[in-house]
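Student: below are the sequence and a predicted model for it; my questions follow.
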Amino acid sequence: MAQKFGNARWVKEGYFDNRTAGIVVGQITFAAFGVVDFCLSGALTGEIEGQVIQFRNPQFLEDPYAGEILEDFAIPQLGKVSLFSFDPHPLLAPHPYFEWFSLDQQHYRIELEKDDAWLLTDAEGESMTEESQRIRDALLPVLESSVS
């Protein structure tokens, strides 16, 4: 079953960095969990390929119940990119959509409103470089050993 994070209300903010080919790293701040590191195999495509995405959710709700519902959510989050897009479906209005599968094949997705996510310029992305490298250094070996 897919976890949509309560229509994203349990997702506060975060970023995804795809400047390293084949790997997406980042962080998301969740209700009940705080900041969670991500390392996903795969790549972003289309207009967001090789970019850094940042997002902020004005609908965020700090809900302690989120921890009970998401009790099986792995921290850190390792897995595979499914679909990351700012325009995921031709019959729907464009909006940020982030979907991935965890190592244990849990299916997760976050859908946000149109203006809640944006691409960073190269200069803005530089502010994420050190944190992204820390995540890659710590989690990529774990991800690679888990899928081999």
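Tutor: Good, I have the coordinates.
Student: off-centre distance for the helix with the most length in the chain?
Tutor: Assignment by DSSP state H gives helix 122-147 as the longest helix of the chain. For helix 122-147, the separation from the chain centroid amounts to 13 Å (computed by Cα atoms, centre = their mean, to the nearest Å).
Student: only the buried residues of it, if you could.
Tutor: For helix 122-147, the neighbour count (16 or more other Cβ atoms under 10 Å) marks 125, 128, 132, 135-136, 139-140, 143 as buried. Backbone N, C-alpha and C define where each C-beta goes, glycine included.
Student: apart from its neighbours in sequence, what residue is nearest the residue most central in space within the chain?
Tutor: For the chain, Phe16 is the residue whose C-alpha lies nearest the centre (Cα atoms, centre = their mean; 5.6 Å). If you skip the residues right next to it in sequence, Phe16 has Gly26 as its closest partner in space, 3.9 Å away by Cβ to Cβ, 6 or more residues apart in numbering.
Student: report the beta-bridge partners for the one you found.
Tutor: Phe16, Phe38 (DSSP bridges).
Student: show me what contacts it?
Tutor: Counting by Cβ atoms under 8 Å, 6 or more residues apart in numbering, Gly26 makes contact with 14-17, 37-38, 53, 132, 135.
Student: just flag the most distant two among those residues.
Tutor: Largest separation among the contacts of Gly26 by Cβ to Cβ: Asp37 and Ile53, giving 15.6 Å.
Student: looking at those two, which is more packed in?
Tutor: Shown here are Asp37 and Ile53; by other Cβ atoms under 10 Å, Ile53 has more neighbours (22 against 19).
Student: is the more buried one in a bridge, and if so with what?
Tutor: When bridges are called by DSSP bridges, Ile53 pairs up with Phe16, Leu119.
Student: surely it and Ala117 touch.
Tutor: Yes. Counting by Cβ atoms under 8 Å, Ile53 touches Ala117, with 5.8 Å between them.
Student: intersection of neighbour lists for these two?
Tutor: Counting by Cβ under 8 Å, 6+ apart, the residues touching both Ile53 and Ala117 are Pro96.
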